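> Below are the sequence and a predicted model for it; my questions follow.
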Amino acid sequence: MSTGVEPQQVLARAREVVSSCTGFRDTAISPTAVDRVVRAELARGRSAAELMAELQRPGTPLARALLDAVLVGETYFFRHPEQFRFLASEAVPAALRRGNLVLRGWSAGCASGEETYSIAACLLGMAPPGVRVEVLGTDLHEGRLEYARRGTYGNWSRREAGPLLYPLYHDIAEGRVSVMDNVRAVTRFAQGNLLEPLAESFGSFDVIFCRNVLTYFSPDAVQTALGHLARALVPGGFLLLGTVEVDHPPAGLVRVGAPELQAFRRPMPQEQVPPPRPAYREPEPVRVAMRVPPPPARTPPPAPAPAPSPVRLHLEALQSIEGGDAAGAASTLEKLLEQFRDYIPGMLELALLRERAGAREAAFALMHTVRDIAARLPPDLIIQGPEPLPARFYRASADAFLTLGAIE
């Protein structure tokens, strides 16, 4: 007997659940990841009606499985080091001038914890005797938080693009490191959703990092999250965002430093704050009273299917890597590069996968292409990918790979 619920309806509802929980815009939600979770449940013998009923309730196992599938974390120690240098040279001295006896930082959307520990190491390195350090890391994905709490990482978390600015870890095995005890001692992790205010029990912060998270959010979700972040700052505190996440200061904050630094400060009570830039609105049309017969009713043509996005395909490949399916990730990246031949974030990813699989010749050929394309671009041109990065990052990464390979 038919229940009247089709699998396609379940898939559509699943995407709605992901969007409402995460704030992600539709194009940032991998349809492959959603489809994989729903199809697996159907294969277990569950009906489409059962899945639809479960998706009507918040916090169910199916909803958590969907979030686990679509949330992709990509981070490493001291990523974007210029912002950590700003933290040390501007944010910490400003907090000390306010008479702080505690330096407090928050890594919002911390993924596997490398950023949280980097903030803690920086604050510990700058704190004078008698000043305590407290750092919070929050993420929606509980599995990543468990990984972060363990505090052990591999080579992927240590990259030349993120130099070791302050003591942070020590070697424990071949290619593995462990976060130092003094850094762990000042760091804690908790589950949190940027679409909701942070619990008052966590207090306010001198500095908040929220980088390459809002990139995936819908415009309304971005404004909601920014409001929560701004309110969690102490007066005089700083918010640091990802490279291309906003083009003007969030409401109630003022920009500090160069625009590419993406650093914003909450003014002290006596300071004047510029009003937020009004949202653009289409001008009202001039209405003229005319008697015009209405046009005949016409069914609008179906909307064209959205064009494939290289970033979306790249995210699908990263999800395959996280799931242990390196061959599937390589296949996705190869198809991506057939459509987008100059997409160098995908080339770099595929080259690293081929190197790990032992196909060094193919990896070197791709890295040469990455270097050649990046060398023709302005060094500070931001390349859109899962993480927006300048062209010089890809040139330096390819050079380092090719140089190391030549030495070996």
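Sure thing, it's come through. Numbering: from 1, shown residues only.
> CA only for contacts and neighbour counts going forward, please
OK.
> average pLDDT across stretch 240-248?
The average pLDDT for stretch 240-248 rounds to 81.
> Please identify the buried residues of it?
240-245 (16 or more other Cα atoms under 10 Å).
> what two of the residues you listed have the greatest distance between them?
240 and 244 (11.6 Å; Cα to Cα).
> okay, residue 114: pLDDT?
94.
> contacting residues around it?
Neighbouring residues of residue 114 by Cα atoms under 8 Å, 6 or more residues apart in numbering: 75-78, 148, 157.
> Could you tell me the phi and psi values at it?
Dihedral pair for residue 114: phi -60, psi -40, per degrees, to the nearest 10.
> The one 5 residues further on now?
Per-residue torsions, residue 119: phi -60, psi -50 (degrees, to the nearest 10).
> what's around residue 337, how many residues?
Neighbours of residue 337 under the rule other Cα atoms under 10 Å: 18.
> same question for the host helix or strand of it, mean pLDDT?
Applying DSSP states H and E as the criterion places residue 337 in helix 326-339. Helix 326-339 carries an average pLDDT of 88.
> buried ones in that helix?
Neighbour counts over helix 326-339 (16+ other Cα under 10 Å) mark 326, 328-330, 332-334, 336-337 as buried.
> okay, now the domains of the chain?
Domains of the chain are assigned by automatic domain parsing as 7-70, 81-265, 310-407.
> What's the local residue count around residue 268?
When counting by other Cα under 10 Å, one arrives at 12 neighbours for residue 268.
> does it really touch residue 238, like I thought?
No - here residue 268 lies out of contact with residue 238, judged by Cα atoms under 8 Å, at a distance of 11.5 Å.
> Low-confidence stretches in the stretch 101-250 of the chain?
160-161, 244 (pLDDT under 70).
> can we see that at 80?
155-156, 158-162, 174-175, 212, 215-216, 243-245, 247 (pLDDT under 80).
> those strands in the stretch 51-200 of the chain, which residues are they?
102-108, 132-139, 152-153, 169-173, 176-179, 187-191 (DSSP state E, counting those that start in this stretch).
> Can you say which of those strands is packed in most?
strand 102-108 (a mean of 24; mean count of other Cα atoms under 10 Å).
> that older thread, closest to residue 13 out of the buried residues of stretch 240-248?
residue 245 (27.7 Å).
> Looks to me like that closest one is in a helix.
No - counting by DSSP: H, G, I helix; E, B strand; the rest coil, one finds residue 245 to be coil, located in no helix.
> I figured it was touching residue 215, is that so?
Yes - assessed by Cα under 8 Å, residue 245 is found in contact with residue 215 at 5.5 Å.
> From residue 49, how far off is residue 43?
Going from residue 43 to residue 49 by Cα to Cα, to the nearest Å gives 14 Å.
> Tell me which of the two has more neighbours.
Neighbours were counted for residue 43 and for residue 49 using other Cα under 10 Å; residue 49 has more, 17 against 9.
> On the three-state scheme, the more buried one is what?
Residue 49 is classified as helix under three-state DSSP.
> which residue packs closest to it, ignoring adjacent ones?
Closest residue in space to residue 49, ignoring its immediate chain neighbours: residue 5 at 5.5 Å, by Cα to Cα, 6 or more residues apart in numbering.
> need the contact list for the one you found.
48-49, 52.
> quick check, it in a strand?
No - per three-state DSSP, residue 5 lies outside any strand segment and is coil.
> Ramachandran coordinates for it?
According to degrees, to the nearest 10, residue 5 has phi -110, psi 130.
> Could you report the distance from it to residue 13?
11 Å.
> And for residue 237?
Residue 237 is 40 Å from residue 13, by Cα to Cα.
> before we move on, what about residue 370?
Counting by Cα to Cα - residue 370 and residue 13 are separated by 39 Å.
> Compare the two (neighbour count), which wins?
residue 370 (25 against 16).
> Return the residues in contact with the nearest residue to residue 122 once chain neighbours are set aside.
Of all residues not flanking residue 122 in the chain, residue 166 sits nearest, at 5.9 Å (Cα to Cα, 6+ apart). Shown in contact with residue 166 (Cα under 8 Å, 6+ apart): 121-122, 125.
> Of the residues you listed, which is the nearest to residue 139?
Nearest to residue 139 among the contacts of residue 166, with distances taken as Cα to Cα, is residue 121, at 19.6 Å.
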